[in-house]
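1. What follows is a predicted structure for the sequence shown.
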Amino acid sequence: MTIGKRTKAVREGIDPAKAYSIDEAIKLVKERAKAKFDETIEIAMNLGVDPKHADQMVRGVVTLPNGTGRSVRVGVFARGAKADEARAAGADVVGAEDLVEKVNGGEINFDRCIATPDMMPLVGRLGKVLGPRGMMPNPKVGTVTMDVAGAVKGAKGGSVEFRVEKAGIVQAGVGKASFGEQQLVENVKAFVDAVQKAKPPGAKGHYINRVAVSSTMGPGVKVETSTLFTAPV
């Protein structure tokens with residue numbers, strides 16, 4: 001398979017067999033993020049879990065200290081005063097039965113979804129629509145809550161949901177290439193710390209196996225996991 005000139009250029013200077021410190025890895029990724037748009041900086045973590053087992057499921061939410069750099073549209077299922085709170089907090093779409101009907105019809109004008117507990121019997125019917133998109137509200141990640149204002153502000157301000165995929169991988173965007181190196185390092189460490197704290201009771205042996213960072217158009221750079229923590233894990 002022939003490697004294009006651009007691909008060859010961005011890979012140059014990166015040893016695929018080496019695990020770099022998080023500071024070095026971010027520097028290498030940023031230097032190679034040369035697209036005409038502001039590339040997203042992403043993290044991929046390979047965990048020692050099998051999500052087929054309920055006691056090995058990893059999921060949670062983390063508020064990145066420097067935000068995500070991404071504009072997030074937030075939808076809220078709520079009625080009355082809670083609906084008013086959501087609008088005042090900056091929610092993009094707010095509704096009850098009317099919003100359920102729209103979503104059920106395929107009209108989804110939001111990236112994140114929040115609901116008050118009383119709305120869940122209705123929202124639960126949208127599992128087949130929202131579930132595959134990873135958007136189903138869940139109390140474990142703070143998206144089923146009476147504090148709709150706090151949840152909306154969190155989603156708008158840089159909170160990131162994560163959930164382990166079939167192969168034991170957790171992936172997320174942790175900032176933009178335009179961020180400073182230190183901002184990205186802080187965001188990565190906050191994300192890794194949240195995943196570490198979400199370690200499920202059924203996880204045995206080594207939990208965080210491999211970590212890599214990359215930009216949208218750039219190559220992955222392996223990270224030495226010991227540099228991701230301020231204290232030994």
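-> Now that the structure is in, tell me what you want to look at.

2. Please make it C-alpha for all contacts and neighbour counts, starting now.
-> Fine.

3. What helix or strand is E24 located in?
-> helix 22-31 (DSSP states H and E).

4. Now stretch 115-123: buried residues?
-> Within stretch 115-123, the residues that qualify as buried by neighbour count (16 or more other Cα atoms under 10 Å) are 115-117, 119-120, 123.

5. How about stretch 195-207?
-> By 16+ other Cα under 10 Å, the buried positions in stretch 195-207 come out as 195-196, 199-200, 203.

6. between those, which is closest to V152?
-> If you rank these by distance to V152 using Cα to Cα, V195 comes first, at 21.8 Å.

7. how about low-confidence regions in the protein?
-> Applying pLDDT under 70 to the chain flags the ranges 1-11, 13, 230-233.

8. mind checking the longest helix of it?
-> For the chain, the longest helix by residue count, based on DSSP state H, is helix 181-197.

9. what's the offset of that one from the middle of its chain?
-> The chain centroid and the centroid of helix 181-197 are separated by 12 Å under Cα atoms, centre = their mean, to the nearest Å.

10. which parts of that helix are buried?
-> Neighbour counts over helix 181-197 (16+ other Cα under 10 Å) mark 181, 183-192, 194-196 as buried.

11. and of these, the nearest to V211?
-> Looking across the buried residues of helix 181-197 and measuring by Cα to Cα, the closest to V211 is V192, at 9.3 Å.

12. does the closest one really touch L228, like I thought?
-> Yes - when contacts are counted by Cα atoms under 8 Å, V192 is listed as touching L228 (7.2 Å).

13. Show me the contact partners of the longest helix of the chain.
-> Contact with helix 181-197 is made by 22-23, 26-27, 30, 43, 58-67, 174-175, 208, 228-229, as judged by Cα atoms under 8 Å, 6 or more residues apart in numbering.

14. burial of the spatially closest residue to I108 that is not a sequence neighbour, as a residue count?
-> By the measure of Cα to Cα, 6 or more residues apart in numbering, the closest residue to I108 outside its immediate chain neighbours is K102, 7.3 Å from it. Using other Cα atoms under 10 Å, K102 is surrounded by 13 other residues.

15. hang on, K102 packs against N109?
-> No - judged on Cα under 8 Å, K102 makes no contact with N109 at a distance of 9.5 Å.

16. got the buried residues for stretch 32-46?
-> Here stretch 32-46 shows 32-33, 38-46 as buried, counting by 16+ other Cα under 10 Å.

17. want to throw these into TSV with distance to V74?
-> Shown next, in TSV, are these (distance: Cα to Cα, whole Å):
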residue	distance to V74
R32	32
A33	28
D38	22
E39	22
T40	20
I41	22
E42	21
I43	23
A44	25
M45	26
N46	29
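
18. is it possible to export these to a markdown table including distance to V129 and secondary structure?
-> A markdown table is the format used below for those (distance: Cα to Cα, whole Å; DSSP: H, G, I helix; E, B strand; the rest coil):
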| residue | distance to V129 | secondary structure |
| --- | --- | --- |
| R32 | 37 | coil |
| A33 | 34 | coil |
| D38 | 30 | coil |
| E39 | 29 | coil |
| T40 | 26 | strand |
| I41 | 28 | strand |
| E42 | 26 | strand |
| I43 | 27 | strand |
| A44 | 26 | strand |
| M45 | 27 | strand |
| N46 | 28 | strand |
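
19. now for those residues, which pair is the farthest apart?
-> Greatest spatial distance in the buried residues of stretch 32-46: D38 and N46, 25.9 Å, computed using Cα to Cα.

20. Before I go, just wanted to say thanks for your time.
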